[in-house]
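Peer 1: 3D model of this:
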Amino acid sequence: MFDSVSILFSDVVTFTEICSRLTPMEVVSMLNAMYSIFDTLTERNRVYK
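Peer 2: Below is the predicted model:
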């Protein structure tokens, strides 16, 4: 289907520490914001996911 492929791995540095200071809803909101940024970047660069 495709001649080449790229895979993105990402790590939220100090994720456990960050989560220990946030409510579960704040963690979900933070992750949602991050995923939204990734989605925007993939659309802008015409990346198929």
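Peer 1: can we go C-alpha only for contacts and neighbour counts from here?
Peer 2: Will do.
Peer 1: how much distance is there from the longest helix seen in the chain to the middle of the chain?
Peer 2: Ranked by residue count under DSSP state H, the longest helix found in the chain is helix 24-44. Helix 24-44 sits 6 Å away from the centroid of its parent chain (C-alpha atoms, centre = their mean, to the nearest Å).
Peer 1: Give me the buried positions along that helix.
Peer 2: Within helix 24-44, the residues scored as buried using 16 or more other C-alpha atoms under 10 Å are residue 27.
Peer 1: which residues are contacting it?
Peer 2: 19, 48-49 (C-alpha atoms under 8 Å, 6 or more residues apart in numbering).
Peer 1: average pLDDT for it?
Peer 2: For helix 24-44, mean pLDDT rounds to 96.
Peer 1: Can I get that helix as CSV, trimmed to CA atoms?
Peer 2: Coordinates of each C-alpha in helix 24-44 appear next as CSV, following Å, rounded to 0.1, in the frame of the first residue of the first chain:
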residue,chain,number,x,y,z
PRO,A,24,-7.7,12.5,36.9
MET,A,25,-9.8,14.9,34.9
GLU,A,26,-6.8,17.3,34.5
VAL,A,27,-4.7,14.4,33.3
VAL,A,28,-7.3,13.5,30.7
SER,A,29,-7.5,17.2,29.6
MET,A,30,-3.7,17.4,29.3
LEU,A,31,-3.5,14.2,27.2
ASN,A,32,-6.4,15.4,25.1
ALA,A,33,-4.6,18.7,24.4
MET,A,34,-1.4,16.8,23.5
TYR,A,35,-3.3,14.5,21.1
SER,A,36,-5.0,17.5,19.5
ILE,A,37,-1.7,19.0,18.8
PHE,A,38,-0.4,15.8,17.2
ASP,A,39,-3.6,15.7,15.1
THR,A,40,-3.1,19.2,14.0
LEU,A,41,0.5,18.6,13.0
THR,A,42,-0.4,15.4,11.1
GLU,A,43,-3.1,17.2,9.2
ARG,A,44,-0.9,20.1,8.4
